[in-house]
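1. turn this into a model:
(chains A and B)
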2 protein chains.
Amino acid sequence: MTCKMEANDRASSKKYAADISSIREAQERISSLVHRTPVLSSQILNSISGRKLHFKCECFQKGGAFKFRGACNAVFSLANDQATKGVVTHSSGNHAAALSLAAKLRGIPAYVVVPKNAPKCKVENVIRYGGQIFWSEVTIQSREEMATKVLQDTGAVLIHPFNDGRIISGQGTISLELLEQAPQIDTIIVPISGGGLISGVALAAKSINPAIRIYLPQASSVVDRYKAKPGNEHWSSTKEESMWMCICTLSTEGVKVEKISTDHHPAHMTTKALPTSMLILSDRIVTNPETKTQADGLQASLGSLTWPVVRDLVDDIILVSDKEIIDATKLCYEILKVAVEPSGAIGLAAVLSDCFKKNPAWKNCNNVGIIISGGNVDLGVLWDALNK
Amino acid sequence: MTCKMEANDRASSKKYAADISSIREAQERISSLVHRTPVLSSQILNSISGRKLHFKCECFQKGGAFKFRGACNAVFSLANDQATKGVVTHSSGNHAAALSLAAKLRGIPAYVVVPKNAPKCKVENVIRYGGQIFWSEVTIQSREEMATKVLQDTGAVLIHPFNDGRIISGQGTISLELLEQAPQIDTIIVPISGGGLISGVALAAKSINPAIRIYLPQASSVVDRYKAKPGNEHWSSTKEESMWMCICTLSTEGVKVEKISTDHHPAHMTTKALPTSMLILSDRIVTNPETKTQADGLQASLGSLTWPVVRDLVDDIILVSDKEIIDATKLCYEILKVAVEPSGAIGLAAVLSDCFKKNPAWKNCNNVGIIISGGNVDLGVLWDALNK
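-> Below is the predicted model:
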């Protein structure tokens, strides 16, 4: 497929799938189409954290999430003859809605493969923006088969939600805006799922100012559950989609990776996405077999194009507990007055977490940019989470 | 008291307690202290309403509400010798927190008289911003007595939450910003409680562009309850704080005022605040004996300085049902991603209401500014409201 080739070409000819030039090109391409989202601040939250916090509110982006930046860049990068045949995705989340909206703006069709069990509100968003739904069974295999069929029938272009240089470049425009709006920022906390957002943000920010630290907040609930089984020093998974193994030790300081079955990784990285959630410590990656956390918007997988950027440019991981995520979500509503999913509040959770305060770099993090990533707010689901 | 005299002087020497000059002065005074709040838009909400909507998000103002503008203007208007003695208020709501914050910024004390039954979160906000609490009994009389005692003991200046030209001027700076951010606006919907916000917004907007229409959203729940008693064509009240009477007829088109006991009003207007909620049709005012609505942040009373502005400059009232308010609140969370109290969402409710669509001016309202007024979001209370 053309789009995949282009992304791969870029990755092979340059170090990563995107760079500051492609991100600046993306900004030029999409700036009249996307919202320049506001950066909010709160004296109360500054006071609670002891730091100056700058919240880049991508929840106010068109389509309700940062995804529209990448989708817009991808759709408007297409040559006319490609574009007329439309675009395809088999994400059922915010990317599908964002892609539908971008396609609508360009006047081309968007085909979205959706598993039968997709949440109603997500399907409604796709339809609202003019996306055409193709139902599949719930398995990945069925989704991919249906996507292949749609591609064959329509000649449309597949736009991956994150493993694509154009998507990464689009998300990177957030850093360009943020560092114009708050140039004093020395640290940025970026939520991760597939890694498109953090890759773009890190590439742009480090290019503008290499001293800027990039932190990745990670729900520690899996680690906590692991801790509950003393003597169990191995994580492994027999699930088909996560054929990997690592050996790690857990202490009060966090997780330390002793050994990781790297022999499995290269194949994963090039042939399919890595499973989530993953923990990175120094130069190694740990993937968790259990991904159920409060931050349920962050359960995608790293891709072959996002993993190298995350590995090289993310300075450290901040582990946050589910309680810290829920507390931060409440603060988002009650103090910041921004309606977020728990996964959207994980950056605030990180800056308020015990883990961050124990980090040696904490004392140098004075002006912290926090990406509020947005997403679909379902008040019922939120309420259940807050009351757990 | 000095502040009251100044406000009254201005009112007597000019037509209203504030004007475009005092509002521009306020902007100069406070612009480095207040947030320039963002104007959000949503294609989905544009599509639902059939209009271009521009949401001026004062919920992101310091202190969580527009109140900080007026409080800041009042506090920083004081001469040094006045200011050192501090400021007093017996509002327990957002004004008290805003005044405490403004006083803190100027380095002067803020004394806040709070009834014993005040919600905990409101008291916490005052303390958080450094306000000194003086507890009173729950009656108005007890609050006023305590305020008088504090004034005598401290020599501080009383800053009324809305019936003060400096407060009205401060709130008016919202219009200056909004019309810079979205100059195409032809209509502004402004929530009302004491009337400080709508007075300032209307005075500034109509001075910049007299063609701009100002609408006041009003919960119709009282009207609905009235309708449930056929043949009852009189509203009256025997409550001490609402000694008034009007005769009105109700039809499917809304309320029509036939006669109003104006002989009671002049005394009320000059000696004490009028009771709320009020309905205005053409040149007359109707006050409702029952004020219990979903928009429970909007239950203060019009004052002698705000009523003339509301009477003269508000183009019309938009009646909204409690269901319309709750639906709009949900849309604020789920589509706009802004966390509001139901009273903060009443402007969106108005633009989506049946009442507005029946209004002859509706066809000319193409670019609608909506003030999201902010306030304290208590997720528990909100949830109860949404589930009613």
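
2. what's the local residue count around A:Ser41?
-> For A:Ser41, the count of nearby residues is 16 (other CB atoms under 10 Å in any protein chain shown). Placement of C-beta: from N, CA and C, glycine included.

3. correction: the previous question concerned A:Phe55.
-> 26.

4. what bridges to it?
-> Counting by DSSP bridges, A:Phe55 forms beta bridges with A:Leu40, A:Ile370.

5. show me the contacts for it.
-> Going by CB atoms under 8 Å, 6 or more residues apart in numbering or on different chains, A:Phe55 touches A:39-42, A:336, A:338, A:348, A:370, A:372.

6. from those, pick the one nearest A:Ile214.
-> A:Ile370 (11.9 Å; CB to CB).

7. for the residue nearest to A:Lys104 when sequence neighbours are not counted, phi and psi?
-> Nearest residue to A:Lys104, sequence neighbours excluded (CB to CB, 6 or more residues apart in numbering or on different chains): A:Gly130, at 4.3 Å. Main-chain torsions, A:Gly130, degrees, to the nearest 10: phi 90, psi 10.

8. with A:Thr187 instead?
-> Here A:Thr187 shows phi and psi, under degrees, to the nearest 10, equal to phi -150, psi 140.

9. run a quick neighbour tally on the nearest residue to it once chain neighbours are set aside.
-> Nearest residue to A:Thr187 in three dimensions, chain neighbours excluded: A:Cys365, at 4.2 Å (CB to CB, 6+ apart). By the criterion of other CB under 10 Å, A:Cys365 has 21 neighbours.

10. and A:Gln218, backbone torsions?
-> According to degrees, to the nearest 10, A:Gln218 has phi -140, psi 130.

11. can you pull up the bridge partners for it?
-> According to DSSP bridges, the residues that bridge with A:Gln218 are A:Leu319.

12. next up, the contacts around the closest residue to A:Pro109 other than its chain neighbours.
-> Nearest residue to A:Pro109 in three dimensions, chain neighbours excluded: A:Gly86, at 3.6 Å (CB to CB, 6+ apart). A:Gly86 sits next to A:103, A:108-111, A:154, A:156-157 when contact means CB under 8 Å, 6+ apart.

13. run the last query once more with 7 Å
-> A:103, A:108-111, A:154, A:156 (CB atoms under 7 Å, 6 or more residues apart in numbering or on different chains).

14. and for A:Thr154?
-> A:85-86, A:111.

15. try it again at 8 Å.
-> So A:Thr154 contacts A:85-86, A:88, A:109, A:111 (CB under 8 Å, 6+ apart).

16. in the stretch 151-300 of chain A, what residue is nearest chain B?
-> Proximity of the stretch 151-300 of chain A to chain B (CB to the nearest CB) peaks at A:Gln181, 11.0 Å away.

17. before we move on, what about chain A?
-> A:Pro38 (3.7 Å).

18. that older thread, neighbours around the residue of the stretch 151-300 of chain A closest to chain B, how many?
-> If we define neighbours as other CB under 10 Å, then A:Gln181 has 15 of them.

19. so who does it touch?
-> By CB under 8 Å, 6+ apart, the neighbours of A:Gln181 are A:39, A:54, A:56.

20. report the helix or strand with the lowest average pLDDT across chain A.
-> helix A:265-271 (a mean of 29; mean pLDDT, DSSP states H and E).

21. now do the SS call for A:Phe134.
-> Under DSSP: H, G, I helix; E, B strand; the rest coil, A:Phe134 falls in the strand class.

22. wait, I meant A:Ser100
-> Using three-state DSSP, the structure places A:Ser100 in helix.

23. residue ranges with poor pLDDT in the stretch 101-250 of chain A?
-> Scanning the stretch 101-250 of chain A for pLDDT under 70 picks out the ranges A:220-250.

24. A:Ala65: neighbour count?
-> Using other CB under 10 Å: A:Ala65 sits among 28 other residues.

25. correct me, but it touches A:Asn94?
-> Yes - A:Ala65 is within contact range of A:Asn94, at 4.1 Å (criterion: CB atoms under 8 Å).

26. and which of the contacts of A:Phe55 is nearest B:Ala328?
-> A:Val338 (17.5 Å).

27. quick one: residues contacting the closest one.
-> Contacts of A:Val338 by CB under 8 Å, 6+ apart are A:40, A:55, A:57, A:59, A:332, A:372, B:337-339.

28. which one of these is nearest to A:Ser199?
-> So of those, ranked by how close each gets to A:Ser199 (CB to CB), first place is A:Ile372, at 18.1 Å.

29. can you report phi and psi for that closest one?
-> Torsion angles, degrees, to the nearest 10, at A:Ile372: phi -90, psi 110.

30. now the end-to-end length of stretch A:74-89.
-> 12 Å (CA to CA, to the nearest Å).

31. on that earlier part again, what backbone torsions are found at the residue of chain A closest to chain B?
-> Backbone geometry at A:Pro38, expressed as degrees, to the nearest 10, gives phi -70, psi 160.

32. you'd agree it is up against A:Phe60?
-> Yes - A:Pro38 lies in contact with A:Phe60 (CB under 8 Å); the separation is 6.7 Å.

33. what's the closest non-adjacent residue to the residue of chain A closest to chain B?
-> Per CB to CB, 6+ apart, closest to A:Pro38 is B:Pro38, 3.7 Å.

34. follow-up on the earlier one: show me the contacts for the residue nearest to A:Thr187.
-> A:51, A:186-187, A:213, A:356.

35. over to A:Trp383?
-> B:379, B:383.

36. do the same with A:His95
-> Contact analysis of A:His95 by CB under 8 Å, 6+ apart lists A:67, A:70-71, A:89, A:161-162.

37. for A:Gln82, phi and psi?
-> phi -70, psi -50.

38. kindly report the same for A:Ile208.
-> phi -70, psi -40.

39. what's the answer for A:Gly196, then?
-> phi -70, psi -40.

40. once you drop chain neighbours, what's closest to it?
-> Closest to A:Gly196 by CB to CB, 6+ apart is A:Phe162, at 3.0 Å.

41. I figured the one you found hits A:Gly194, correct?
-> Yes - assessed by CB under 8 Å, A:Phe162 is found in contact with A:Gly194 at 3.4 Å.

42. show residues contacting stretch A:143-151.
-> By CB under 8 Å, 6+ apart, the residues outside stretch A:143-151 that reach it are A:1, A:88-90, A:111, A:113, A:115, A:134-137, A:156, A:158.

43. what comes up buried for that stretch?
-> A:143, A:146-147, A:150-151 (16 or more other CB atoms under 10 Å in any protein chain shown).

44. residues of the stretch 201-350 of chain A that sit close to chain B?
-> For the stretch 201-350 of chain A, the residues in contact with chain B (CB under 8 Å from any CB of the partner chain) are A:330, A:332-340.

45. what about 7 Å?
-> A:330, A:333-334, A:337-339 (CB under 7 Å from any CB of the partner chain).

46. now which of those residues would you call buried?
-> The buried subset of these - by 16+ other CB under 10 Å - is A:333-334, A:337-339.
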